[in-house]
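K.L.:
sequence and predicted structure, then a few things I'm wondering about:
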Amino acid sequence: MLRRLRNVTLLGAATLLLAATAFATPTIDDGVIDSGKEIHQHAGHDAQHGGDTGHLPAGSTNVDLVGHVDLSNVAEGRIADVGVHKGYAYLGAFRQDACGGPENVIDGGVYIVDIHDPANPVEVGFIKTQQDSYVGEGVQAISLATAKFTGDILVFNHESCGPQDKGGFSIYDVTNPLKPTPLVQNYGDFNVSASDNGKDANDIHSIFAWQAGPKAYAVIVDDFEGTDVDIFDITNPKKPVMVGEYDLDSYFTAPDINDHLGTGGSFLHDMVVKNIGGRWLMLLSYWDGGYVVADVTNPAAITYVGDSDFALVDPLAAERGLGNLTPEGNAHQAEFTLDNEYIIAADEDFGPFVVTGVNNEDGEPFDMGNGDGTRQLNEGETLTGNTVFVGRGCIGDPAIPPGTGVEIALVERGLCTFTEKVANIEAATGYKAVIVFNRQGADGCSDLLNMSVEGTIPAFFVARETGLDFLDWESIYDEGACRAGTDDATPVDIGTVGDVVTISSTFDGWGYVHLYRNGAGKLEELDTYAIPEAHDPDFAAGFGDLSVHEVATSHQDASLAYLSYYSGGFRVIQIVNEEIVEVGAYIAEGGNNFWGVEVFQHGGQELVAASDRDSGLWIFEYTGTD
């Protein structure tokens, strides 16, 4: 698996998930070890609802809209994932743009919608989460029949954005969905930093539950640790018990696999579990590591089955004339097809541009990340200037010397947020851009991330050694000492002028879909798919997010699958001669912004529930191509 920069947007302060490392609260970049949770929080999307502009043209091909309901208390980005069970749909209530503190209380939770009449869905309930907590991926309801519980349960995750937050997962008894009853709340892995004395469970991004014979289990994405695959026995859903905790990159080693799994610089995003040939197989999506299949028949001792690699050259970008670009990865979510012959996988990418850098002093390229809320470079735009070391850039630190309008400020990560650093650099005046280089620590050093940061000048992120190289001090860098936090402090004075660098921007498209042949060992990639606008630079801005988000495979036809494609709408694809062909599409008047997609049956018909981030629940039927 290709290990490379996670080119995604982070909504909090700097965050990065590393293998075999514990993490603490990430809301302030305060010098402690941060987590990967903010990667999961989803960027604020381009507005695309209403009117005739700001979205792709409305239309429908081979898809009927069966029913639709706008949910209560909805603002942009409010609605998250969707699950369906026994005539009810469950939709996550996501974070609002502002949250945390008494003036910005949010109502995270789960909407309950009666869909017994799919043409007339009705909102019938709401499960509220702890203040400053919200629900994202993996909202799921299933039936259980164990020695400890018989009935229907709803499982969902908890992520946070404020001081009153609670993490972990919750399980509710929804045997009567009109009277949901908590069985366990905010449970999970309590192996967190000493800052909260282990009283609160780690935030989790997603959860998936299944029953295997007399036992029932749930697997979660632990946002705070490299051991991010946590499996719990939920046979008694009131008393979950952790039975397995894994960092797959270190757990799966030779001779079990032919080469290194390559997920050590990546993080788990989502997973599903399915009984295939008498074995319970888990399909895991590792952001820039790829897709992994593991046998979890014994959750206390899981085994390797297969995994995918991202190609060295992005196949779809090359096919569509964008040149030989490095793929971004961004393995978001995947499912097995009905016949288990294939895996359909969705790579999410909110950023259609990639930035690259070159040190003009020696002509050497360097890897970098990009800030999400500062000015973005246009396609083909270059930015060149001398780097100038300005320290850490926090309030109370030594003053930042003013620039002359041609320099790039080089600032060290640590203590305060990226936004504070950029604001202080802008206040000093005279800098055309900001480059942040990483700090010491277990989650610092050579690791790269994209920053959640606000400002008016471009902001970028580089590894610690790269930043020291700009200042001609790379010879002192030692990765081990840096990880241990015992490396020397940055050995230069504030105001030191460094190397001249050039930063360039290239259009590389939005996220797209992969088709893999299911099997043991390395998974063979057969084809890729994206809507045509996703690789057209004319649609890089002003049309919403044109990335795929999730896939749901058909329960009746092994060749069919359904996609939630954010502003690209609802899409239907079919496997034809081991290639992906689009056979259906739907975009409403005023646009859509679909997050989740879930298949269900109604009166012998296969219907699909889709959650629109900005409105609520939409129900579709694929009518075929006749």
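P.N.:
Everything's here; your move. This structure is a prediction, so every number in the text was calculated from the model and none was measured.
K.L.:
which SS state does the residue located most distally from the centre of the chain fall under?
P.N.:
Relative to the centre of the chain, and counting by Cα atoms, centre = their mean, the farthest-placed residue is residue 404 at 39.0 Å. When the structure is reduced to helix, strand and coil (DSSP: H, G, I helix; E, B strand; the rest coil), residue 404 reads as coil.
K.L.:
same check, this time on residue 420
P.N.:
Put simply, residue 420 is helix when judged by three-state DSSP.
K.L.:
pretty sure the residue farthest from the centre of the chain is touching residue 431, no?
P.N.:
No: under the criterion of Cβ atoms under 8 Å, residue 404 makes no contact with residue 431, lying 9.1 Å away. Any C-beta I mention is one placed from the backbone N, CA and C, and that applies to glycine too.
K.L.:
helices of the stretch 351-500 of the chain, start to end?
P.N.:
Along the stretch 351-500 of the chain, counting by DSSP state H, counting those that start in this stretch, helices occupy 418-428, 464-470, 479-484.
K.L.:
now those as JSON lines including mean pLDDT?
P.N.:
Conversion of the helices of the stretch 351-500 of the chain to JSON lines gives the following (pLDDT from 0 to 100):
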{"stretch": "helix 418-428", "mean pLDDT": "95"}
{"stretch": "helix 464-470", "mean pLDDT": "93"}
{"stretch": "helix 479-484", "mean pLDDT": "84"}
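K.L.:
residue contacts, residue 539?
P.N.:
By Cβ atoms under 8 Å, 6 or more residues apart in numbering, the contact set of residue 539 is 56, 533, 546.
K.L.:
please repeat the previous calculation with a cut-off of 6 Å.
P.N.:
The neighbours of residue 539, taking Cβ atoms under 6 Å, 6 or more residues apart in numbering as the test, are 533, 546.
K.L.:
now do it against residue 172, distance only.
P.N.:
41 Å (Cβ to Cβ, to the nearest Å).
K.L.:
likewise residue 622?
P.N.:
When Cβ to Cβ is the yardstick, residue 622 and residue 172 sit 31 Å from each other.
K.L.:
wait, the residue farthest from the centre of the chain sits on residue 429?
P.N.:
No: contact status for residue 404 versus residue 429: not in contact, 9.4 Å apart, counting by Cβ atoms under 6 Å.
K.L.:
give me the below-cutoff pLDDT ranges for the protein.
P.N.:
1-53, 96-106, 192-198, 254-266, 442-443, 450, 487-489, 626 (pLDDT under 70).
K.L.:
okay, now the domains of it?
P.N.:
Structural domains of the chain, as assigned by automatic domain parsing, span the residue ranges 59-352+508-622, 353-507.
K.L.:
can you give me the offset of stretch 58-66 from its chain's centre?
P.N.:
Here the centre of stretch 58-66 is set off from its chain's centre by 28 Å, with Cα atoms, centre = their mean, to the nearest Å.
K.L.:
which positions within it qualify as buried?
P.N.:
If you call a residue buried by 16 or more other Cβ atoms under 10 Å, then stretch 58-66 has these buried ones: 60, 62, 63, 66.
K.L.:
ranges for the strands of the stretch 301-450 of the chain?
P.N.:
Counting by DSSP state E, counting those that start in this stretch, one finds strands in the stretch 301-450 of the chain at the ranges 303-307, 331-336, 342-347, 353-359, 364-366, 369-373, 382-389, 407-412, 431-437.
K.L.:
who touches the longest one?
P.N.:
Looking back up the chat, that one is strand 382-389. Outside of strand 382-389, the residues that reach it under the criterion Cβ under 6 Å, 6+ apart are 406-408, 410, 432-433, 470-471, 492, 496-500, 502-504.
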